[in-house]
Each structure stands twice: as structure tokens, then as C-alpha cells.
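Asks: I would like the atomic coordinates for the input below:
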Amino acid sequence: MPTTPFLSVKFAPALACAAAALALSVATMSTTGCISSTKKASSEDRDRTKDYVLAALPAEGVVKADVNFENKVRLVGYKVSPETAAPGTEVKITYYWQLEGAVEAGWKLFTHVHEPKTDKQDNLDWNGVLREQRGDNQLFGPDKWEKGKVYVDEQTYRIPDWATQPELEMLVGVWKDNARLRVVSGANDGENRALVVRVKTGLSGDVAPKVDPDKTGEREVTPALRATRLAASETVTVDGKADEAFWAGAANTGPFVDVASGKDAPESATQGSARVAFNDEKLFVFVSVKSEKIHGGFDKAKNPSGFTAAGQPKLWTRDTAELMIDPDGDGDNKNYFEIQVNPENKIFHSRFDDYNLPKGGDNGPFGHEDWNAKIESKVTLHGTVDNDTDKDEGYDVELAIPWSSFEGSGNAPPKNGTSWRINFYAMKDNGGVAWSPILGRGNFHKSSRFGTVSFDARPTLLSRLRGHLPSADQIKALP
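Replies: Numbers count the residues shown, from 1 in each chain. Down below sits the predicted model:
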């Protein structure tokens, strides 16, 4: 989603617009110059959405609102049912919109869920009948509306388990590419997002989750492990299989836990664990992700909105394995790195100067996306991608990251006995499970909540022995 508050457009003289319109067919008319009339929806789409188009705002059951977006689109009302929805339950939010002026093709509705105090966020841009995704557009977005009529924009949202605050803010508006229609009047957040809907959760507002009485303080401590040092004779073939002997005994995170609470998450839609090893040249990571439904779907031609402004796939919106790496090891969120690899072996990588910074619009760029991670990765699938008719098992991601990728961090390659802050995530639909829980202290970037990975330059006894043991192939070749 874009965060640019306003995109100024210089309009050509009326005669130039008319000439340009005559020169282009209706199907291929550019929307970057002249403002055209709204693009008409097909008869099939109109029939499907007819119950969502009204002659006027309902007289009862609707809270009236008046948020004006550039005198083109107006939010005129809303309703929330039920009024209070606890985590894990669904709430239905209905927005009532009207078209007042001409809107170019491609403008769409957006909804951002925001939890005050913790700054947790969620995205509902494509949620609801009117917003059903059609390529890079919505089924019946504002570019297809008629003036004067009221459009019923229904969204159903499951209150997330990470919610801790008494209310969630539902921020709505109209966007296209890297721009939003400006809010010229009405309640808003200062970033051209209408702020009239707040969903009550019935929660107390405690940021940190309660800890089990028999485990007082246990989840406050971040986990730690000692990365496995490879023997000089050991090599790694990045093939997504972890079939080298050292992986079996490599340092293992164990099952990931719920990000918000730190509790075991066996019922999570995704689960994971990670193993870590290293040598003089590289950091090696193997992440096993369990999921009954594996989703990818990052095709720029078919789904350009699935990519950042810098051109990288927004892997966190589907399924992905994620690493957050703070080489300094102090958890201060200064100069840290993000790496994601999805089931299709697509990669997102970025470097951050500070907590979530720099950040462009809702479509990025996110951090310094031009950081060259020099990653070698391979994925093994245990199922099929984007086929919900079958039951999948998950996927494995094997990564090799040169220490040189972290040059300038002040602690790369790691010296003997030093520690880095690292967290591992198995993500699905912008949520998921983690090695070290965040406990409501921020989002997945909160490096003070990352686990600790220590590096000892001396090979362990086991690694030294492995260097002298025959390989599996050598054993098979024995007479």
C-alpha cells in the first residue's frame, strides 16, 4: 500500500485531452494524463454486486460519517457487528461510499488495521466482494462507480491472536500505485486515511501477555544456541535437502512458538524449525516449514501489486521462511538485515538503518532493498504450490550467506566467542510463528527480542570426528 500523501498531477489543456482521447482506443487509454470517466463494469460484475449498490444511505443501523477524498470519493457511513470481538472471533465491518467526481481507472479501496501503542498492523485491501482482486484491480472499485449511488463495502475480519489493546483502528482510503486520494475534510490520521472505525476487542490493554504461573519469567528470556562449526573437510551443497551428515547434529532451534505469547503453537496454520552452521566463509541455515497449504503466486505480470516499489516480491503476504539478523548482537535495531525465501525460491532481502527504517510508502521500498545479500538458496517442496485441492506437508529452505554480505556491520565475520542476534520465522499471510517470540513488544523487526546465536571458531569434537568419518556414498561403495 502506498504511503505517499499526495501525488500531484499536471493536467493538459482540454483540447489536448480530447485529442489524446481520440487517438487511443477505450481499452488502451492511458490514465496518467487526462482524467477519464469511470470505467464501466461488465454486466456480469454488475449483476454479482447489485446487492451492494443502494440508492441512498440506509436510514437505520448505520453510523453516519463524512470523510471527503479530494471531492471525488466520500465515506458517508459505517457499521460494526458485533460491537466487541475478542481475538479469534470474527467481526463484520461495513463501509458506505459515494462517488462525487471523476476517478481514473485503477483507483482502489484500502483498509489498514492498526493497533495503537504496539504499532502492530494488518492489511485488508482485497477483503470483500467489491474488492475481489482482478489482476491489479478490484472487481467493483471506485473507478466503476456511478455518482450519487451508495456502495456497500463489506469486510469480515478475524481479530488476530496478537491483539492486546482495547481497540483496533480500521484506517481506510483510496489508492493507486504510490498515491492516495487526499483527505480534504473529515476524521483522519494525517496520512490520508479515514479514521472513523474502531473495533473493540474487550482486552485490558496489557502489552505483554500473561505468563503461566509455573513458568514465571521464562518467556522473557530470549532463546540461545551455539552454531555448529564445520570441520575443514566438510562442504555444503545447497540443494534444499540437508543430506550432509553434519546437518543431523547441527544446532537446532526446536519447534517455533507463537509470536505473541511464546507458547507452543501446534495448531498454527504454519510451523517451523531451523538449524544453523557456519565455516570461515559462510553462514548456513536450514529451515523446515510445515503447512497443509503452500502458497506462492508471485507473478509480476499477473499480480504487480504483490511486489514492492523496488521490484521485490512481498513474500510475507503469502508463505515464506524469514531471517532477521543483527550482527552487532546488542539488540538496538541499528544496522540489521532481513532475508526471506518462499516456497518458489523467490527472495526478498533488505538492510535497515534503524527499527523499520528507512521506509517508503505502503508499497516500500522497505529499508535498503538494494542491499546485495549474495544468497545461495534452494527449496524442496513437500506438496504443490497454489493448489488448495490437496493436502501439503510443507517445504524446506537451505541457505548459504557469505559473511561478506554483512560487511560494515562491525562484527562480520564473527570473531571467536561472539554472538549475533537472529530470529527465524515461518510466515503465512503476514503472520506466523518464531524461534523467539516478540511478546507484543513491536513487530517482527524488534531485535531486542531476537534469539542469540553464538559462534565459536574452534570446531567441536563432534565436527572434528565427522571430518574423518566416511560419507554415506563411501559407505555404500564398501565391498
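Asks: report the contact partners of the spatially most central residue of the chain.
Replies: Taking C-alpha atoms, centre = their mean, the centroid of the chain lies closest to Trp316, which sits 3.4 Å from it. By C-beta atoms under 8 Å, 6 or more residues apart in numbering, Trp316 lies in contact with 322, 340, 348, 427, 430. No exception for glycine: its C-beta is placed from N, CA and C like everyone else's.
Asks: show the contacting residues for the last one.
Replies: So the one you mean is Asn430. So Asn430 contacts 122-123, 316-317 (C-beta under 8 Å, 6+ apart).
Asks: any quick PyMOL command for the buried ones out of those residues?
Replies: The buried residues among these can be selected in PyMOL (16 or more other C-beta atoms under 10 Å) with this line:
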select buried, resi 122+123+316+317
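Asks: just the contacts of Asn430: which are in helices?
Replies: Assigned to helices by DSSP state H, none of the contacts of Asn430 qualify.
Asks: which of the contacts of Asn430 sits closest to Glu169?
Replies: Glu169 lies nearest to Asp122 out of those, by C-beta to C-beta, at 10.7 Å.
Asks: how much space between the closest one and Phe455?
Replies: Distance, Asp122 to Phe455, using C-beta to C-beta, to the nearest Å: 36 Å.
Asks: can you give me the strands in the stretch 201-350 of the chain?
Replies: For the stretch 201-350 of the chain, applying DSSP state E, counting those that start in this stretch gives strands covering 224-226, 228-229, 251-252, 257-258, 270-278, 282-291, 319-326, 336-341, 347-352.
Asks: helices or strands up against the fifth one?
Replies: With contacts defined as 3 or more C-beta pairs under 8 Å, 6 or more residues apart in numbering; DSSP states H and E, the packing partners of strand 270-278 are strand 228-229, helix 245-248, strand 251-252, strand 282-291, strand 419-428, strand 431-434.
Asks: hmm, try it at 7 Å
Replies: If you count contacts as 3 or more C-beta pairs under 7 Å, 6 or more residues apart in numbering; DSSP states H and E, strand 270-278 packs onto strand 228-229, strand 251-252, strand 282-291, strand 419-428, strand 431-434.
Asks: now these in a markdown table, with distance to Glu393?
Replies: Shown next, in a markdown table, are the helices and strands packed on strand 270-278 (distance: least, C-beta to C-beta, whole Å):
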| stretch | distance to Glu393 |
| --- | --- |
| strand 228-229 | 26 |
| strand 251-252 | 19 |
| strand 282-291 | 7 |
| strand 419-428 | 13 |
| strand 431-434 | 16 |
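Asks: buried stuff in stretch 196-205?
Replies: Quick answer for stretch 196-205 (16+ other C-beta under 10 Å): 196-197, 199-201, 203.
Asks: end to end, how far does it reach?
Replies: Terminal residues of stretch 196-205 are spaced 20 Å apart (C-alpha to C-alpha, to the nearest Å).
Asks: might one say that Ser409 is in contact with Pro327?
Replies: Yes. Ser409 lies in contact with Pro327 (C-beta atoms under 7 Å); the separation is 3.9 Å.
Asks: these two: which is more packed in?
Replies: Ranked by neighbour count (other C-beta atoms under 10 Å), Ser409 and Pro327 place Pro327 first, with 25 against 20.
Asks: tell me the gap between stretch 190-201 and the middle of its chain.
Replies: Remark: stretch 190-201 is offset 21 Å from the chain centroid, using C-alpha atoms, centre = their mean, to the nearest Å.
Asks: contacts for it next, please.
Replies: The contact list for stretch 190-201, computed with C-beta atoms under 7 Å, 6 or more residues apart in numbering, reads 3, 5, 65, 67, 75, 78, 80, 83-87, 91, 93, 112, 159, 163, 165-173, 180-183, 186-189.
Asks: repeat that for stretch 431-442.
Replies: Where contact means C-beta under 7 Å, 6+ apart, the residues beyond stretch 431-442 that reach it are 118-119, 160, 162, 164, 207-209, 219, 222-223, 253, 256-262, 265, 268, 270-272, 274, 423-426, 444, 446, 449-451.
Asks: likewise for stretch 242-258?
Replies: 225-228, 230, 234, 236, 263-265, 271-277, 286, 396, 398, 424, 426, 433-435, 437, 462-463, 466, 469, 471.
Asks: from the chain's centroid, how far away is that stretch?
Replies: So, by C-alpha atoms, centre = their mean, the centroid of stretch 242-258 is 25 Å from its chain's centroid.
Asks: over to stretch 229-242?
Replies: Worked out by C-alpha atoms, centre = their mean, stretch 229-242 lies 31 Å from the chain centre.
Asks: same question, stretch 365-372
Replies: When distances are taken as C-alpha atoms, centre = their mean, stretch 365-372 is centred 15 Å away from the chain's centroid.
Asks: buried residues of it, list them for me.
Replies: Neighbour-count burial for stretch 365-372 flags 365-367, 369, 371 (criterion: 16+ other C-beta under 10 Å).
Asks: do me a favour and get the end-to-end distance for that stretch?
Replies: Length of stretch 365-372, first residue to last, C-alpha to C-alpha: 15 Å.
Asks: neighbours around the closest residue in space to Val385 that isn't next to it in sequence, how many?
Replies: Distances taken as C-beta to C-beta, 6 or more residues apart in numbering place Gly296 nearest to Val385, at 4.4 Å, with adjacent residues excluded. As a burial measure, Gly296 scores 20 neighbours (other C-beta under 10 Å).
Asks: what about the protein, any weak spots by pLDDT?
Replies: For the chain, applying pLDDT under 70 flags the ranges 1-41, 206-219, 457-479.
Asks: domain parsing for it?
Replies: Following automatic domain parsing, one gets these domains for the chain: 14-200, 215-466.
Asks: all helices of this structure, in order?
Replies: Applying DSSP H to the chain gives helices spanning 14-23, 43-48, 245-248, 461-466, 472-477.
Asks: just the buried ones from the contacts of stretch 190-201, in ChimeraX syntax?
Replies: In ChimeraX syntax, the buried subset of the contacts of stretch 190-201 is picked out as below (16+ other C-beta under 10 Å):
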select :3,65,67,75,78,80,85,91,93,112,159,163,165,166,167,168,169,170,171,172,173,180,181,182,183,188
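Asks: so of the contacts of stretch 190-201, which ones are in strands?
Replies: Here DSSP state E is the test, and these give 65, 67, 75, 78, 80, 91, 93, 112, 167-173, 180, 183 as lying in strands.
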